[in-house]
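okay, predicted coordinates and the sequence, questions at the end:
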Amino acid sequence: MVDLKSIPDDKESLDSYEVNNIFHSWCYQPTQAPLRVVSAKGTRFVTEDGRERLDFSSCFVSHNIGHQDPRVVEAICDQAKTLCSFAPTMSTKPRALLGKMLEEITPGDLSRSFISLGGTEANEAAVKICHQYTGCRRIIGRYRSYHGGTAASMTLSVGDSRGWIQVTGGTEVVPVPQPYCYRCMFGHKYPECDLRCVKYIDEVIELEGGGERVGGIICEPVTGANGIIVPPPEYFPELRRICDKHGVLLIADEVMSGFGRTGKWFAVDHWDIVPDIISMAKGITCGYVPLGATVVRKHIGDRFKEQFFSHGATYAGHALACAAAVRVIQIYQEDNLIENSAKMGEYLLDKAMELKDKHPCIGDVRGIGLFVGLELVKNRKTREPIIPVSARIKPGMNPKLEVAKKLVELGMIAMAANPGNVIAMAPPLIVTKDEIDEGVSIMDKALEVADKYVEE
Ligand SMILES: Cc1ncc(COP(=O)(O)O)c(C=O)c1O
């Protein structure tokens, strides 16, 4: 047995541990270690070679308030000195406070929260609550969505009495299209389409057995990883009406779009609708400590006074994470970050539109708040994607990854390794006009790589 204190930690050794001992997410396991980040501050981060770069991805759209804010570090340290965590059967001050804050910032009567450790878990809880509340295991999901990375863990917990309460058999998913106007699956054009995509959902619910069989529909209000898809303004009010008509729960996955990313606390606030359940993570603690939350409307929460709530976790409502969330949420308000996201978002969108004039590889530019995507095409007229969707899981390089690589070389990271053909710019909400100019000019140079793949 090696003396664990004597494991070498020089650069070469650390690189070899990365390559041999660590699973890297959603990729062929690398043969070269990625750049090692040693520090970060505000909108920038520093790698081991001493180089500083701009973070236009906010680390998968999580670090909304920016890196290493001393106010959050202090809140975490204070909490750590007092009480890092305790069993979730007992109360802690930060968990209770966070519960109340979430009631305050979410729309309508969303009021009771299950607090977990991340976005995937927040969605698992949302779907399980939907199953338990409605008694249905059928859920509508939309193509080009991402809701998380776990398998249906409860279904695998065979013989555990907690599972007896579960609606058995896990989740049955019925897929429907997104309101993706640039590539409408019905071949329609907005607004002449009369929102066929949402009317279709009405029909699908009917055909799948209505509210008797369909428990809910899960949607990202602004789709993130699959391409910054902003729905037309009528979409969510109409979807809310359809869900009410059938008694189907509307689950908003705001893991990426929440906490000011789109210029409002939550993306659903743009359309004044109240979902039945909101799942959230990322910007709730901005990655300072992992945390996710699933917030439900009052009547749903109240049901579980009479019905067994069949969900839980050892670290549910972890005190350290809740203390971070409480401080982060105050900072959004103290520093007017949601307003800054709306204002800087307009500036960023205008600048991104200018990129479209210069680069034939850009087929579409869309966004809301500091959440702006550039969709890359081979040909603007035919809208042929610059890479097929399947290219994401093929080994080797592709034009989008080449742009990502170029960005890093030039001094910036953006959201470029996600599925589809969209490169997204999502800087921290503290970003300034000068930083947007700097980031967009780096993007301008990097896109030259993709222009070479244009076939006209
Ligand atoms: C919309 C959405 N939902 C859920 C998740 C999963 O969150 P996590 O990675 O924290 O588990 C993500 C992650 O990117 C996401 O974008």
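Nice, thanks for sending it over. Nothing here was measured: the structure is a model prediction, and the numbers come from that model.

so who does Leu4 touch?
Leu4 sits next to no residue when contact means CB atoms under 8 Å, 6 or more residues apart in numbering. All C-beta atoms are positioned from the backbone trio N, CA, C, and that covers glycine.

do you know how far it is from the ligand?
30 Å (CB to the nearest ligand atom, to the nearest Å).

what is the mean pLDDT for the host helix or strand of Ala342?
For Ala342, the host element (DSSP states H and E) is helix 337-358. What helix 337-358 shows for mean pLDDT is 98.

stretch 193-202 too?
The model assigns stretch 193-202 a mean pLDDT of 96.

cool, and stretch 170-183?
92.

rewinding a little: contacts made by the helix holding Ala342 with the rest, please.
Residues outside helix 337-358 that contact it (CB under 8 Å, 6+ apart) are 64-65, 260-265, 331-332, 362, 365, 367-372, 374, 425, 427, 429-433, 436-437, 440, 443-444, 447.

now do 6 Å
Residues outside helix 337-358 that contact it (CB atoms under 6 Å, 6 or more residues apart in numbering) are 260, 263, 332, 362, 365, 367, 369-370, 372, 429, 431, 436, 440, 444.

repeat for stretch 178-185
Arg142, Arg144, Pro177, Tyr190, Cys197, Ile229, Pro231, Tyr235, Asp364.

need the residues of the stretch 1-150 of the chain near the ligand, please.
Within the stretch 1-150 of the chain, the residues that sit near the ligand (CB under 6 Å from any ligand atom) are Phe60, Gly118, Gly119, Thr120, Asn123, Tyr146, His147, Gly148, Gly149.

rerun at 5 Å
Gly118, Gly119, Thr120, His147, Gly148 (CB under 5 Å from any ligand atom).

let me know the pLDDT of the residue of the stretch 101-250 of the chain found nearest the ligand.
Residue nearest to the ligand within the stretch 101-250 of the chain: Gly119 (2.2 Å; CB to the nearest ligand atom). Gly119 is assigned 94 on the pLDDT scale.

all helices for the stretch 151-300 of the chain, in order.
196-207, 210-213, 235-246, 298-303 (DSSP state H, counting those that start in this stretch).

for Ser91, find the nearest of the ones you listed.
Nearest to Ser91, of all those, is helix 298-303, at 16.7 Å by CB to CB.

name the residues of the closest one that are buried.
Ile300, Gly301 (16 or more other CB atoms under 10 Å).

what's downstream of it, the next helix or strand?
helix 319-334.

Cys361: how many residues sit nearby?
The number of residues packed near Cys361 is 28, by other CB atoms under 10 Å.

contacting residues for it?
Contacts for Cys361 were tallied using CB under 6 Å, 6+ apart; they are Leu376, Ala450, Asp451, Val454.

filter the residues you listed down to the buried ones and hand me the ChimeraX line.
Selecting only the buried entries of the contacts of Cys361 in ChimeraX, with 16+ other CB under 10 Å as the criterion:
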select :376,450,454
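
go through the contacts of Cys361 and flag which are in helices.
Among these, the residues falling in helices (DSSP state H) are Ala450, Asp451.

so which residues of the stretch 351-456 of the chain form strands?
Remark: strands assigned in the stretch 351-456 of the chain by DSSP state E, counting those that start in this stretch are 362-367, 372-379, 384-385, 412-413, 422-425.

er, the stretch 101-250 of the chain I mean
Under DSSP E, counting those that start in this stretch, the stretch 101-250 of the chain gives strands at 110-116, 138-142, 172-176, 214-219, 249-253.

for the contacts of Cys361, which one is nearest Gln307?
Leu376 (48.4 Å).

can you pull the pLDDT of that closest one?
Reading off the model, Leu376 has pLDDT 96.

now swap in the one 10 residues further on and tell me
Ile386 is assigned a predicted lDDT (pLDDT) of 93.

what do you get for Gly312?
93.

and it, how far from Lys128?
Noted for Gly312: a distance of 10 Å to Lys128, by CB to CB, to the nearest Å.

do Ser6 as well
Counting by CB to CB, the gap from Ser6 to Lys128 is 45 Å.

more neighbours: which of the two?
Lys128 (21 against 7).

tell me the contacts of that one?
His311.

residues contacting stretch 248-263, please?
Against stretch 248-263 from outside (CB under 6 Å, 6+ apart): 61, 64, 119, 123, 126, 130, 147, 205, 211, 214, 216, 218, 220-222, 224, 243, 266-268, 275-283, 332, 337-338, 341-342, 345, 368-369, 371, 429.

how far does that stretch stretch from start to finish?
Start to finish, the residues bounding stretch 248-263 are 28 Å apart (CA to CA, to the nearest Å).

what comes up buried for that stretch?
Across stretch 248-263, burial judged by 16+ other CB under 10 Å covers 248-263.

ok, now stretch 143-150?
Arg144, Ser145, Tyr146, His147, Gly148.

now the end-to-end length of it.
Across stretch 143-150, first to last residue, CA to CA, it's 18 Å.

so where is the chain shaky, pLDDT-wise?
For the chain, the stretches flagged by pLDDT under 70 are 151-169, 417.

how's it carved up into domains?
Taking automatic domain parsing as the criterion, the chain consists of the domains 35-65+336-451, 71-334.

backbone dihedrals for the residue positioned nearest the centre of the chain, both of them.
Among the residues of the chain, the one closest to the centroid is Met256, at 2.5 Å (CA atoms, centre = their mean). Note on Met256: backbone dihedrals following degrees, to the nearest 10 are phi -100, psi -40.

quick check: it vs Tyr182, distance?
On the measure of CB to CB, Met256 and Tyr182 end up 19 Å apart.

for the helix holding Ala342, list the C-alpha coordinates in CSV.
Coordinates of the C-alpha atoms in helix 337-358 are reproduced here as CSV (Å, rounded to 0.1, in the frame of the first residue of the first chain):
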residue,chain,number,x,y,z
LEU,A,337,-27.6,41.1,-11.6
ILE,A,338,-30.9,40.1,-13.2
GLU,A,339,-31.3,43.7,-14.6
ASN,A,340,-27.7,43.5,-15.8
SER,A,341,-28.4,40.3,-17.6
ALA,A,342,-31.4,41.8,-19.4
LYS,A,343,-29.4,45.0,-20.4
MET,A,344,-26.1,43.3,-21.3
GLY,A,345,-28.0,40.5,-23.0
GLU,A,346,-29.5,43.0,-25.5
TYR,A,347,-26.0,44.3,-26.2
LEU,A,348,-24.6,40.8,-26.6
LEU,A,349,-27.4,39.8,-29.0
ASP,A,350,-26.8,42.9,-31.2
LYS,A,351,-23.1,42.1,-31.3
ALA,A,352,-23.8,38.4,-32.2
MET,A,353,-26.1,39.7,-35.0
GLU,A,354,-23.1,41.6,-36.4
LEU,A,355,-21.1,38.4,-36.4
LYS,A,356,-23.8,36.9,-38.7
ASP,A,357,-23.1,39.6,-41.2
LYS,A,358,-19.4,38.6,-41.3
